[in-house]
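A.B. asks: build me a model:
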Amino acid sequence: MSGPDVSVVICVYTEDRWEDILAAVSSVRAQSRPARETLLVVDHNQALLDRLTKEFGVPGENGAGEHGPGGNGPGGNGPGENGPVENRSGGNRPGGGGSGAEGPGGDRRRGPGSGAVRVLANAGPRGLSAGRNTGIAASHGEVIAFLDDDAVAERDWLRRFADAYADPRVLAVGGRTEPVWASGRRPAWFPEEFDWVVGCTYRGLPPGRVRVRNVLGGNASFRRTAFEAAGGFATGIGRDGDRRPLGGEETELCIRLGLARPDAVLLIDDRAVIHHRVPAARERFGYFRARTWAEGLSKALVARSVGAGRGLASERRYTTRVLPAGVARGLRDVLLARPGGAGRAGAIVAGVLMAAGGYLVGSVRARRNGTTFAVTPVEGASDG
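C.D. replies: Next comes the predicted model:
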């Protein structure tokens, strides 16, 4: 098999997502291009660590579980790229194969065409950035891909990533993330331009395989040499479990990577698709408001790290071109008596105001208190 070996890192933090975690692992095992390994990094939750270790292997000396490879053939026991996946909670999850339960194809822990599943404890401070850094350091692949713990990947997800790395200048590749709404459909008021609020690809991103400033962290991959050049994800930026929904850690890393390697190429390929579950609580305007405010706080930290010019370049285009067009579409829908138009236009305006307010507050705090994040080198695991 040509192309780089790919390790997949899934950061997890709560037993409430148990079925989602199993579905995510199953989707990795059903890839048409098998992963070298899947690493589940548990964020300071001993009960979850113990449960996953029991599910996927016997504890090792470092407290992690590891289960041996289940073969080198492609695929799994689930349907193809666009077929539905049934998870053990009884619902349908779109994406690549596997059900998460024992069934045709044998033991869930030894899925056909999959590498080892390893369970690790986050070796750094609590939060998503340190969890990802733990996975990077423990992985063996030339490329490290990241998948959210409440998402499933379509069957060709890793193949699309690997194909892009044929160009040695490419150091990062992201994909397209589609929302799976708990209610079964998008809320009428929720604008597609703000799908990043729920961790998904938003309207305004260019289609196809295109060069970008930064990839989106829940559906992304990096060549190992990217971390050798720029360091790992900055701790102090990004999510910490269910606390305030901050973000921006992948943006800061990608900009830092561009500074360290000006020749680096970062891509998004919209054929590398995952499907991300959006719980009912995140379909509400209260979460929308909190997340846009938190994004402003995060962008203030990013700008503090890499400078406002670089940190906000893409956001300026988004704010001056994409969002006004979204407001215009909403008002047009009002005139055409289409449902939700006024709500979408209003949500866009509210989202901009909340993000701007968060940015101003975050900037003042950063100047007053100094930066509260740190970038540390990430040493990769030895091959073998």
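A.B. asks: let me know the outermost residue of this protein.
C.D. replies: The centre of the chain is farthest from one residue, residue 335, which by Cα atoms, centre = their mean lies 37.2 Å away.
A.B. asks: what is the burial count for the closest residue to it other than its chain neighbours?
C.D. replies: In space, and not counting its chain neighbours, residue 335 is closest to residue 341: 8.0 Å by Cβ to Cβ, 6 or more residues apart in numbering. Yep, even glycine has a C-beta here, placed from its N, CA and C like the rest. A count of nearby residues for residue 341, using other Cβ atoms under 10 Å, gives 20.
A.B. asks: for residue 341, list the residues it contacts.
C.D. replies: 329-335 (Cβ atoms under 8 Å, 6 or more residues apart in numbering).
A.B. asks: go again using 10 Å as the cut-off
C.D. replies: Neighbour list for residue 341: 188-189, 327, 329-335 [criterion: Cβ atoms under 10 Å, 6 or more residues apart in numbering].
A.B. asks: need the helices for this protein, in chain order.
C.D. replies: Listed in chain order, the helices of the chain (DSSP state H) span 18-29, 46-56, 128-138, 157-164, 224-230, 249-260, 285-306, 308-311, 313-317, 323-335, 341-369.
A.B. asks: quick revisit: quick one: the residue farthest from the centre of the chain and residue 193, what's the gap?
C.D. replies: Going from residue 335 to residue 193 by Cβ to Cβ, to the nearest Å gives 19 Å.
A.B. asks: re earlier: save the contacts of residue 341 as JSON lines, and put in distance to residue 263 and pLDDT too.
C.D. replies: JSON lines is the format used below for the contacts of residue 341 (distance: Cβ to Cβ, whole Å; pLDDT from 0 to 100):
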{"residue": "188", "distance to residue 263": "45", "pLDDT": "97"}
{"residue": "189", "distance to residue 263": "43", "pLDDT": "97"}
{"residue": "327", "distance to residue 263": "38", "pLDDT": "92"}
{"residue": "329", "distance to residue 263": "38", "pLDDT": "90"}
{"residue": "330", "distance to residue 263": "41", "pLDDT": "93"}
{"residue": "331", "distance to residue 263": "44", "pLDDT": "93"}
{"residue": "332", "distance to residue 263": "43", "pLDDT": "93"}
{"residue": "333", "distance to residue 263": "44", "pLDDT": "92"}
{"residue": "334", "distance to residue 263": "48", "pLDDT": "92"}
{"residue": "335", "distance to residue 263": "49", "pLDDT": "93"}
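A.B. asks: show the buried residues in the residues you listed.
C.D. replies: Buried members of the contacts of residue 341, scored by 16 or more other Cβ atoms under 10 Å, are 189, 327, 329-330, 333-334.
A.B. asks: residue 44 versus residue 200, what's the distance?
C.D. replies: Using Cβ to Cβ, one obtains 27 Å as the distance from residue 200 to residue 44.
A.B. asks: between the two, who's got more neighbours?
C.D. replies: It is residue 200, of residue 200 and residue 44, that has more neighbours when counted by other Cβ under 10 Å, with 22 against 17.
A.B. asks: before we move on, the earlier item: closest to residue 258 out of the buried ones among the contacts of residue 341?
C.D. replies: residue 327 (31.2 Å; Cβ to Cβ).
A.B. asks: pretty sure the closest one contacts residue 346?
C.D. replies: Yes. The pair residue 327 / residue 346 is scored as a contact, 8.9 Å apart, by Cβ atoms under 10 Å.
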